[in-house]
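Visitor: Take this sequence and fold it.
(2 chains)
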Amino acid sequence: MGFEHYLSLLIKAVFIENIVLAYFLGMCSFLAISKQVETSIGLGLAVIFVLSITAPINWFISTYLLKNGALAWIGLPEINLSYLNLIVFIAVIAAVVQLVEMFLDRFSPTLYQSLGIYLPLIAVNCSILGGSLFLVERKYTFIESSVFGFGSGLGFFLAIVALASIRHRMKYSNVPEQLKGVGMAMLLTGLISMAFMAFSGIDI
Amino acid sequence: MAILNKKSRSALYDPLVKTNPISLSVLGICSALAVTIRVDQALIMTGAVIFVLSASNTIISVIRKYIPSRTRIIIQLAIIAGLVSLIDQVLMAYMYDMSKQLSVFVSLIVTNCIVMGRADAYAMQNPAGNSFLDGLGNGFGYGAILIAVAFFRELFGSGTIYGISMIPDFVYNLGYENLGLMVLSPGAFIVLGLIVWFQKEIWKEKVK
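Guide: You can find the predicted model right below:
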(Lines give C-alpha, C1' and ligand atoms only; values in the text may rest on other atoms or scores of the structure.)
Protein backbone atom coordinates (compact mmCIF):
# COMPACT_ATOMS: atom_id res chain seq x y z
CA MET A 1 0.00 0.00 0.00
CA GLY A 2 1.65 3.13 -1.20
CA PHE A 3 1.28 6.79 -0.62
CA GLU A 4 -1.80 7.04 -2.84
CA HIS A 5 -3.72 4.72 -0.55
CA TYR A 6 -3.19 7.02 2.43
CA LEU A 7 -3.91 10.12 0.40
CA SER A 8 -7.19 8.66 -0.76
CA LEU A 9 -8.04 7.69 2.82
CA LEU A 10 -7.29 11.23 3.93
CA ILE A 11 -9.49 12.75 1.24
CA LYS A 12 -12.25 10.33 2.11
CA ALA A 13 -12.08 11.24 5.80
CA VAL A 14 -11.97 14.98 5.15
CA PHE A 15 -14.51 15.39 2.38
CA ILE A 16 -16.49 12.35 1.32
CA GLU A 17 -17.18 10.80 4.71
CA ASN A 18 -16.92 13.96 6.74
CA ILE A 19 -17.39 13.03 10.37
CA VAL A 20 -19.93 15.78 11.03
CA LEU A 21 -21.74 16.06 7.74
CA ALA A 22 -22.01 12.39 6.84
CA TYR A 23 -21.94 10.67 10.25
CA PHE A 24 -23.48 13.38 12.43
CA LEU A 25 -20.77 13.03 15.06
CA GLY A 26 -19.85 15.98 17.23
CA MET A 27 -23.06 17.80 16.38
CA CYS A 28 -23.61 19.18 19.87
CA SER A 29 -20.50 21.29 19.95
CA PHE A 30 -20.76 21.82 16.20
CA LEU A 31 -24.02 23.72 16.66
CA ALA A 32 -23.22 25.33 19.98
CA ILE A 33 -19.77 26.74 19.19
CA SER A 34 -20.42 27.86 15.61
CA LYS A 35 -21.78 31.29 16.41
CA GLN A 36 -18.46 33.07 15.93
CA VAL A 37 -15.70 32.33 13.46
CA GLU A 38 -12.82 32.83 15.94
CA THR A 39 -14.16 30.42 18.53
CA SER A 40 -15.05 27.87 15.88
CA ILE A 41 -11.45 27.95 14.61
CA GLY A 42 -10.25 27.37 18.17
CA LEU A 43 -12.53 24.39 18.69
CA GLY A 44 -11.70 23.00 15.25
CA LEU A 45 -7.97 23.11 15.95
CA ALA A 46 -8.47 21.47 19.33
CA VAL A 47 -10.45 18.65 17.68
CA ILE A 48 -7.73 18.08 15.05
CA PHE A 49 -5.15 18.00 17.83
CA VAL A 50 -6.96 15.58 20.13
CA LEU A 51 -8.23 13.27 17.35
CA SER A 52 -4.73 12.94 15.85
CA ILE A 53 -3.40 11.92 19.25
CA THR A 54 -6.18 9.66 20.50
CA ALA A 55 -6.74 7.69 17.28
CA PRO A 56 -3.25 6.06 17.25
CA ILE A 57 -3.25 5.55 21.04
CA ASN A 58 -6.60 3.81 20.97
CA TRP A 59 -5.41 1.75 18.01
CA PHE A 60 -2.51 0.46 20.12
CA ILE A 61 -4.74 -0.31 23.07
CA SER A 62 -7.31 -2.07 20.95
CA THR A 63 -4.78 -4.12 18.97
CA TYR A 64 -2.45 -5.16 21.78
CA LEU A 65 -4.82 -5.37 24.74
CA LEU A 66 -8.50 -5.64 23.90
CA LYS A 67 -9.07 -7.26 20.51
CA ASN A 68 -10.01 -10.91 20.18
CA GLY A 69 -6.73 -12.76 20.65
CA ALA A 70 -4.81 -9.54 21.25
CA LEU A 71 -3.24 -10.85 24.42
CA ALA A 72 -1.42 -13.62 22.55
CA TRP A 73 1.87 -11.83 23.17
CA ILE A 74 1.69 -12.65 26.86
CA GLY A 75 0.44 -16.16 26.21
CA LEU A 76 -3.32 -15.66 26.56
CA PRO A 77 -4.62 -16.05 23.00
CA GLU A 78 -8.15 -17.02 24.00
CA ILE A 79 -9.09 -13.87 25.83
CA ASN A 80 -11.38 -11.40 24.11
CA LEU A 81 -11.76 -8.12 25.95
CA SER A 82 -13.39 -6.19 23.12
CA TYR A 83 -16.48 -5.52 25.25
CA LEU A 84 -14.26 -3.19 27.26
CA ASN A 85 -13.54 -1.06 24.16
CA LEU A 86 -16.00 1.65 25.05
CA ILE A 87 -15.02 2.17 28.68
CA VAL A 88 -11.30 2.07 27.94
CA PHE A 89 -11.59 4.46 25.00
CA ILE A 90 -13.55 7.01 26.94
CA ALA A 91 -11.07 6.82 29.81
CA VAL A 92 -8.14 7.22 27.40
CA ILE A 93 -9.77 10.22 25.76
CA ALA A 94 -10.52 11.90 29.08
CA ALA A 95 -6.96 11.23 30.26
CA VAL A 96 -5.38 12.45 27.00
CA VAL A 97 -7.42 15.62 27.08
CA GLN A 98 -6.30 16.26 30.64
CA LEU A 99 -2.65 15.55 29.77
CA VAL A 100 -2.72 17.72 26.67
CA GLU A 101 -4.19 20.51 28.73
CA MET A 102 -1.46 20.31 31.38
CA PHE A 103 1.24 19.91 28.74
CA LEU A 104 0.09 22.95 26.79
CA ASP A 105 -0.23 24.98 29.97
CA ARG A 106 3.39 24.19 30.82
CA PHE A 107 5.10 24.42 27.43
CA SER A 108 3.03 26.62 25.17
CA PRO A 109 0.99 29.19 27.09
CA THR A 110 -0.08 30.98 23.90
CA LEU A 111 -1.57 27.82 22.40
CA TYR A 112 -3.11 27.07 25.80
CA GLN A 113 -4.72 30.48 25.82
CA SER A 114 -6.37 29.87 22.48
CA LEU A 115 -7.31 26.18 22.84
CA GLY A 116 -7.56 25.89 26.63
CA ILE A 117 -11.25 26.51 27.09
CA TYR A 118 -12.23 24.09 24.35
CA LEU A 119 -10.23 21.13 25.58
CA PRO A 120 -12.57 20.07 28.43
CA LEU A 121 -15.49 20.25 26.00
CA ILE A 122 -13.77 17.78 23.74
CA ALA A 123 -13.72 14.94 26.26
CA VAL A 124 -17.41 14.42 25.62
CA ASN A 125 -17.37 15.30 21.92
CA CYS A 126 -18.86 12.40 19.99
CA SER A 127 -16.49 12.85 17.08
CA ILE A 128 -13.46 11.88 19.17
CA LEU A 129 -14.99 8.71 20.57
CA GLY A 130 -16.63 8.00 17.21
CA GLY A 131 -13.26 8.22 15.48
CA SER A 132 -11.80 5.61 17.81
CA LEU A 133 -14.80 3.31 17.47
CA PHE A 134 -14.74 3.57 13.67
CA LEU A 135 -11.10 2.59 13.43
CA VAL A 136 -11.83 -0.59 15.35
CA GLU A 137 -14.93 -1.36 13.31
CA ARG A 138 -13.14 -0.79 10.00
CA LYS A 139 -10.01 -2.69 11.09
CA TYR A 140 -7.56 0.07 10.13
CA THR A 141 -3.82 -0.43 10.44
CA PHE A 142 -1.68 1.88 12.55
CA ILE A 143 -0.82 4.36 9.79
CA GLU A 144 -4.35 4.23 8.45
CA SER A 145 -5.75 5.10 11.88
CA SER A 146 -3.36 8.02 12.27
CA VAL A 147 -4.32 9.34 8.85
CA PHE A 148 -7.99 8.76 9.58
CA GLY A 149 -7.76 10.55 12.93
CA PHE A 150 -6.08 13.58 11.43
CA GLY A 151 -8.42 13.62 8.41
CA SER A 152 -11.55 13.44 10.54
CA GLY A 153 -10.29 16.30 12.68
CA LEU A 154 -9.58 18.35 9.59
CA GLY A 155 -13.05 17.57 8.27
CA PHE A 156 -14.61 18.75 11.52
CA PHE A 157 -12.50 21.93 11.36
CA LEU A 158 -13.60 22.72 7.79
CA ALA A 159 -17.26 22.05 8.51
CA ILE A 160 -17.45 24.12 11.67
CA VAL A 161 -15.58 27.07 10.17
CA ALA A 162 -17.85 26.97 7.13
CA LEU A 163 -20.98 26.94 9.27
CA ALA A 164 -19.69 29.72 11.53
CA SER A 165 -18.91 31.93 8.54
CA ILE A 166 -22.35 31.39 7.05
CA ARG A 167 -24.07 31.99 10.38
CA HIS A 168 -22.09 35.19 10.70
CA ARG A 169 -23.47 36.38 7.37
CA MET A 170 -26.97 35.23 8.32
CA LYS A 171 -27.14 37.93 11.02
CA TYR A 172 -28.04 40.39 8.30
CA SER A 173 -30.70 38.22 6.68
CA ASN A 174 -34.39 38.26 7.35
CA VAL A 175 -35.02 34.85 8.92
CA PRO A 176 -38.45 33.97 10.38
CA GLU A 177 -38.41 34.58 14.14
CA GLN A 178 -38.99 30.98 15.24
CA LEU A 179 -36.50 29.57 12.76
CA LYS A 180 -33.61 31.62 14.16
CA GLY A 181 -30.90 29.74 16.01
CA VAL A 182 -31.00 25.97 15.95
CA GLY A 183 -33.52 25.56 13.16
CA MET A 184 -31.60 27.74 10.75
CA ALA A 185 -28.29 26.17 11.75
CA MET A 186 -29.72 22.74 10.96
CA LEU A 187 -30.97 23.83 7.56
CA LEU A 188 -27.60 25.44 6.77
CA THR A 189 -25.80 22.28 7.84
CA GLY A 190 -28.05 20.35 5.51
CA LEU A 191 -27.00 22.58 2.63
CA ILE A 192 -23.28 22.36 3.51
CA SER A 193 -23.65 18.61 3.76
CA MET A 194 -25.26 18.55 0.33
CA ALA A 195 -22.35 20.57 -1.06
CA PHE A 196 -19.85 18.15 0.47
CA MET A 197 -21.67 15.25 -1.19
CA ALA A 198 -20.43 16.59 -4.48
CA PHE A 199 -17.03 15.22 -3.48
CA SER A 200 -18.26 11.63 -3.42
CA GLY A 201 -16.80 9.57 -6.19
CA ILE A 202 -13.40 11.25 -6.05
CA ASP A 203 -10.89 8.46 -6.11
CA ILE A 204 -7.15 8.69 -6.29
CA MET B 1 -52.16 10.69 37.22
CA ALA B 2 -53.03 11.08 40.85
CA ILE B 3 -50.10 9.07 42.18
CA LEU B 4 -47.59 11.63 41.05
CA ASN B 5 -47.26 14.99 42.75
CA LYS B 6 -46.70 18.17 40.81
CA LYS B 7 -42.91 18.03 40.80
CA SER B 8 -42.75 14.43 39.64
CA ARG B 9 -45.32 15.19 36.98
CA SER B 10 -43.32 18.06 35.59
CA ALA B 11 -40.18 15.91 35.73
CA LEU B 12 -41.93 13.39 33.53
CA TYR B 13 -43.95 15.55 31.16
CA ASP B 14 -41.92 18.72 30.65
CA PRO B 15 -39.18 17.14 28.54
CA LEU B 16 -41.75 15.81 26.08
CA VAL B 17 -42.46 19.21 24.59
CA LYS B 18 -41.66 22.15 26.83
CA THR B 19 -38.00 21.40 27.48
CA ASN B 20 -37.46 18.82 24.78
CA PRO B 21 -33.80 17.82 24.94
CA ILE B 22 -33.21 17.72 21.19
CA SER B 23 -35.22 20.45 19.64
CA LEU B 24 -34.98 23.09 22.37
CA SER B 25 -31.83 22.48 24.34
CA VAL B 26 -29.97 21.02 21.31
CA LEU B 27 -28.52 18.14 23.25
CA GLY B 28 -27.77 14.70 21.93
CA ILE B 29 -28.08 15.45 18.26
CA CYS B 30 -25.02 13.37 17.47
CA SER B 31 -26.68 10.03 17.67
CA ALA B 32 -30.14 11.37 16.91
CA LEU B 33 -29.63 11.85 13.22
CA ALA B 34 -27.55 8.89 12.19
CA VAL B 35 -30.14 6.29 13.10
CA THR B 36 -33.16 7.94 11.52
CA ILE B 37 -33.09 6.40 8.06
CA ARG B 38 -35.71 3.85 9.09
CA VAL B 39 -38.32 3.84 11.84
CA ASP B 40 -37.31 0.46 13.28
CA GLN B 41 -33.74 1.67 13.86
CA ALA B 42 -35.08 4.78 15.55
CA LEU B 43 -37.28 2.66 17.82
CA ILE B 44 -34.42 0.45 18.97
CA MET B 45 -32.24 3.51 19.56
CA THR B 46 -35.03 5.16 21.54
CA GLY B 47 -35.39 2.08 23.70
CA ALA B 48 -31.66 2.02 24.37
CA VAL B 49 -31.58 5.71 25.27
CA ILE B 50 -34.62 5.47 27.56
CA PHE B 51 -33.03 2.56 29.39
CA VAL B 52 -29.63 4.21 29.78
CA LEU B 53 -31.07 7.56 30.76
CA SER B 54 -33.50 6.36 33.40
CA ALA B 55 -31.07 3.81 34.84
CA SER B 56 -28.14 6.22 34.99
CA ASN B 57 -30.30 8.94 36.50
CA THR B 58 -31.57 6.56 39.18
CA ILE B 59 -28.15 5.13 40.04
CA ILE B 60 -26.45 8.51 40.16
CA SER B 61 -29.26 9.97 42.23
CA VAL B 62 -29.05 7.12 44.76
CA ILE B 63 -25.32 7.57 45.29
CA ARG B 64 -25.28 11.34 44.80
CA LYS B 65 -24.37 12.08 48.42
CA TYR B 66 -21.24 9.94 48.16
CA ILE B 67 -19.92 11.41 44.91
CA PRO B 68 -17.25 14.04 45.53
CA SER B 69 -18.00 17.02 43.34
CA ARG B 70 -14.47 17.20 41.91
CA THR B 71 -14.51 13.73 40.40
CA ARG B 72 -18.19 13.61 39.57
CA ILE B 73 -17.76 13.73 35.78
CA ILE B 74 -15.54 10.66 35.74
CA ILE B 75 -17.87 8.75 38.05
CA GLN B 76 -20.91 9.63 35.97
CA LEU B 77 -19.07 8.65 32.79
CA ALA B 78 -18.09 5.31 34.28
CA ILE B 79 -21.67 4.53 35.29
CA ILE B 80 -23.07 5.56 31.91
CA ALA B 81 -20.37 3.72 29.97
CA GLY B 82 -21.13 0.58 31.97
CA LEU B 83 -24.84 0.79 31.16
CA VAL B 84 -24.18 1.45 27.48
CA SER B 85 -21.79 -1.49 27.22
CA LEU B 86 -24.53 -3.62 28.73
CA ILE B 87 -27.06 -2.51 26.08
CA ASP B 88 -24.49 -2.99 23.34
CA GLN B 89 -23.77 -6.54 24.44
CA VAL B 90 -27.48 -7.36 24.73
CA LEU B 91 -28.13 -6.06 21.21
CA MET B 92 -25.18 -8.01 19.86
CA ALA B 93 -26.44 -11.19 21.50
CA TYR B 94 -30.12 -11.00 20.61
CA MET B 95 -30.47 -8.64 17.63
CA TYR B 96 -27.22 -9.08 15.76
CA ASP B 97 -28.41 -7.59 12.45
CA MET B 98 -29.77 -4.51 14.14
CA SER B 99 -26.60 -4.05 16.14
CA LYS B 100 -24.58 -4.21 12.89
CA GLN B 101 -26.78 -1.55 11.31
CA LEU B 102 -26.61 0.77 14.29
CA SER B 103 -22.83 0.21 14.23
CA VAL B 104 -21.02 2.60 16.55
CA PHE B 105 -24.03 4.72 17.35
CA VAL B 106 -25.25 2.66 20.29
CA SER B 107 -21.82 2.99 21.89
CA LEU B 108 -21.95 6.69 21.24
CA ILE B 109 -24.86 7.06 23.67
CA VAL B 110 -22.02 7.47 26.18
CA THR B 111 -21.09 10.85 24.78
CA ASN B 112 -24.70 11.77 24.19
CA CYS B 113 -24.96 15.07 25.99
CA ILE B 114 -28.52 14.34 27.17
CA VAL B 115 -27.39 11.54 29.43
CA MET B 116 -24.50 13.46 30.96
CA GLY B 117 -26.51 16.65 31.07
CA ARG B 118 -29.44 15.14 32.96
CA ALA B 119 -27.15 13.25 35.30
CA ASP B 120 -25.30 16.40 36.20
CA ALA B 121 -28.16 18.87 36.18
CA TYR B 122 -31.00 16.82 37.65
CA ALA B 123 -29.93 13.54 39.23
CA MET B 124 -27.21 15.16 41.34
CA GLN B 125 -29.78 17.31 43.13
CA ASN B 126 -32.98 15.29 43.21
CA PRO B 127 -34.18 12.09 44.90
CA ALA B 128 -34.12 8.81 43.02
CA GLY B 129 -37.85 8.61 42.19
CA ASN B 130 -37.99 11.96 40.46
CA SER B 131 -34.68 11.37 38.74
CA PHE B 132 -36.02 8.16 37.30
CA LEU B 133 -39.09 9.98 35.96
CA ASP B 134 -36.91 12.78 34.61
CA GLY B 135 -34.79 10.19 32.80
CA LEU B 136 -37.92 8.53 31.44
CA GLY B 137 -39.39 11.85 30.29
CA ASN B 138 -36.21 12.98 28.58
CA GLY B 139 -35.82 9.59 26.96
CA PHE B 140 -39.33 9.78 25.53
CA GLY B 141 -38.84 13.39 24.44
CA TYR B 142 -35.68 12.33 22.64
CA GLY B 143 -37.44 9.35 21.14
CA ALA B 144 -40.38 11.42 19.92
CA ILE B 145 -38.12 13.63 17.81
CA LEU B 146 -36.07 10.67 16.65
CA ILE B 147 -39.14 8.78 15.48
CA ALA B 148 -40.64 11.88 13.87
CA VAL B 149 -37.48 12.44 11.83
CA ALA B 150 -37.28 8.75 10.94
CA PHE B 151 -40.96 8.75 9.95
CA PHE B 152 -40.50 11.52 7.37
CA ARG B 153 -37.18 10.23 6.11
CA GLU B 154 -38.48 6.71 5.61
CA LEU B 155 -41.78 7.86 4.13
CA PHE B 156 -40.27 10.20 1.57
CA GLY B 157 -36.94 8.44 1.13
CA SER B 158 -38.04 4.83 0.69
CA GLY B 159 -41.83 5.10 0.51
CA THR B 160 -42.21 2.77 3.49
CA ILE B 161 -42.92 3.02 7.21
CA TYR B 162 -41.50 0.36 9.49
CA GLY B 163 -40.66 -1.56 6.33
CA ILE B 164 -44.30 -1.57 5.13
CA SER B 165 -44.93 0.06 1.79
CA MET B 166 -47.04 3.20 2.19
CA ILE B 167 -47.14 4.66 -1.29
CA PRO B 168 -49.58 2.73 -3.52
CA ASP B 169 -48.28 1.46 -6.85
CA PHE B 170 -50.48 3.69 -9.00
CA VAL B 171 -48.77 6.77 -7.56
CA TYR B 172 -45.44 5.40 -8.78
CA ASN B 173 -47.04 4.70 -12.15
CA LEU B 174 -48.00 8.36 -12.35
CA GLY B 175 -44.33 9.24 -12.23
CA TYR B 176 -43.78 9.69 -8.47
CA GLU B 177 -40.28 8.82 -7.34
CA ASN B 178 -38.73 8.34 -3.93
CA LEU B 179 -36.68 11.30 -2.83
CA GLY B 180 -33.15 9.94 -2.65
CA LEU B 181 -31.93 13.00 -0.78
CA MET B 182 -33.94 12.00 2.29
CA VAL B 183 -31.96 8.81 2.74
CA LEU B 184 -28.67 10.68 2.56
CA SER B 185 -27.37 12.77 5.41
CA PRO B 186 -28.54 16.23 4.23
CA GLY B 187 -32.13 14.96 4.48
CA ALA B 188 -31.75 14.39 8.22
CA PHE B 189 -30.46 17.90 8.85
CA ILE B 190 -33.20 19.50 6.82
CA VAL B 191 -36.03 17.44 8.34
CA LEU B 192 -34.81 18.13 11.86
CA GLY B 193 -34.42 21.84 11.12
CA LEU B 194 -37.99 21.99 9.87
CA ILE B 195 -39.31 20.03 12.86
CA VAL B 196 -37.58 22.44 15.25
CA TRP B 197 -39.11 25.37 13.42
CA PHE B 198 -42.56 23.77 13.39
CA GLN B 199 -42.41 22.95 17.08
CA LYS B 200 -41.32 26.44 18.09
CA GLU B 201 -44.02 27.95 15.90
CA ILE B 202 -46.79 25.85 17.50
CA TRP B 203 -45.70 25.96 21.13
CA LYS B 204 -44.59 29.56 20.92
CA GLU B 205 -46.23 30.64 24.17
CA LYS B 206 -45.49 27.49 26.10
CA VAL B 207 -41.81 27.57 25.27
CA LYS B 208 -39.96 30.01 27.58
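Visitor: Any stretches of chain A with poor pLDDT?
Guide: For chain A, the stretches with pLDDT under 70 are A:1, A:116-117, A:203-204.
Visitor: the longest helix in it is where?
Guide: Longest helix in chain A, counting residues (DSSP state H): helix A:142-170.
Visitor: What helices and strands are in contact with that helix?
Guide: helix A:3-11, helix A:27-32, helix A:37-61, helix A:126-137, helix A:182-197 (3 or more C-beta pairs under 8 Å, 6 or more residues apart in numbering or on different chains; DSSP states H and E). Yep, even glycine has a C-beta here, placed from its N, CA and C like the rest.
Visitor: buried sites along the last one?
Guide: Which is helix A:182-197. Going by neighbour count (16 or more other C-beta atoms under 10 Å in any protein chain shown), the buried part of helix A:182-197 is A:182-190, A:192-194, A:196-197.
Visitor: what do you get for stretch B:160-168?
Guide: B:Ile161.
Visitor: one step back: I'd like the helices and strands packed on helix A:142-170 laid out as TSV, including distance to chain B.
Guide: Below are these laid out as TSV (distance: least, C-beta to the nearest C-beta, whole Å):
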stretch	distance to chain B
helix A:3-11	18
helix A:27-32	4
helix A:37-61	13
helix A:126-137	4
helix A:182-197	3
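Visitor: Find the centremost residue of chain B, please.
Guide: Nearest to the geometric centre of chain B sits B:Tyr142, at 3.2 Å (C-alpha atoms, centre = their mean).
Visitor: Packing partners of the helix or strand harbouring that residue?
Guide: Using DSSP states H and E, B:Tyr142 falls within helix B:128-158. Contacts defined by 3+ C-beta pairs under 8 Å, 6+ apart place helix B:128-158 against helix B:6-13, helix B:29-34, helix B:39-62, helix B:113-118, strand B:160-161, helix B:180-183, helix B:185-202.
Visitor: Just say which of the ones you listed is most tucked in.
Guide: Most buried of the helices and strands packed on helix B:128-158 by mean neighbour count (mean count of other C-beta atoms under 10 Å in any protein chain shown) is helix B:29-34; its value is a mean of 28.
Visitor: Distance-wise, check A:Leu121 relative to chain B.
Guide: From A:Leu121 across to chain B, the span is 10 Å (C-beta to the nearest C-beta, to the nearest Å).
Visitor: and that residue, how many neighbours?
Guide: Residues near A:Leu121, counting by other C-beta atoms under 10 Å in any protein chain shown, number 16.
Visitor: Name the residues of stretch A:114-126 that come out as buried.
Guide: Those would be A:Ser114, A:Leu115, A:Tyr118, A:Leu119, A:Leu121, A:Ile122, A:Ala123, A:Val124, A:Asn125, A:Cys126, for stretch A:114-126 by 16+ other C-beta under 10 Å.
Visitor: Go ahead and confirm the second one touches A:Gly44.
Guide: No: when contacts are counted by C-beta atoms under 8 Å, A:Leu115 is not listed as touching A:Gly44 (10.1 Å).
Visitor: Just send the buried residues of helix A:182-197 back as JSON lines, with distance to A:Gly155 too.
Guide: Formatted as JSON lines, the buried residues of helix A:182-197 follow (distance: C-beta to C-beta, whole Å):
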{"residue": "A:Val182", "distance to A:Gly155": "22"}
{"residue": "A:Gly183", "distance to A:Gly155": "24"}
{"residue": "A:Met184", "distance to A:Gly155": "22"}
{"residue": "A:Ala185", "distance to A:Gly155": "18"}
{"residue": "A:Met186", "distance to A:Gly155": "19"}
{"residue": "A:Leu187", "distance to A:Gly155": "20"}
{"residue": "A:Leu188", "distance to A:Gly155": "17"}
{"residue": "A:Thr189", "distance to A:Gly155": "13"}
{"residue": "A:Gly190", "distance to A:Gly155": "17"}
{"residue": "A:Ile192", "distance to A:Gly155": "12"}
{"residue": "A:Ser193", "distance to A:Gly155": "12"}
{"residue": "A:Met194", "distance to A:Gly155": "16"}
{"residue": "A:Phe196", "distance to A:Gly155": "9"}
{"residue": "A:Met197", "distance to A:Gly155": "13"}
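Visitor: Surely A:Val14 and A:Gly155 touch.
Guide: Yes: here A:Val14 reaches A:Gly155: they are 4.5 Å apart, a contact under C-beta under 8 Å.
Visitor: Pass me the low-pLDDT residue ranges in chain B, would you?
Guide: In chain B (pLDDT under 70), the answer is B:1-5, B:17-19, B:21-28, B:30-32, B:204-208.
Visitor: Report the separation between A:Gln99 and A:Val124.
Guide: Heads up, residue A:99 is Leu, not Gln. 17 Å (C-beta to C-beta, to the nearest Å).
Visitor: wait, I meant A:Ser52
Guide: Counting by C-beta to C-beta, the gap from A:Ser52 to A:Val124 is 19 Å.
Visitor: just A:Thr141 next, same as before
Guide: Counting by C-beta to C-beta - A:Thr141 and A:Val124 are separated by 28 Å.
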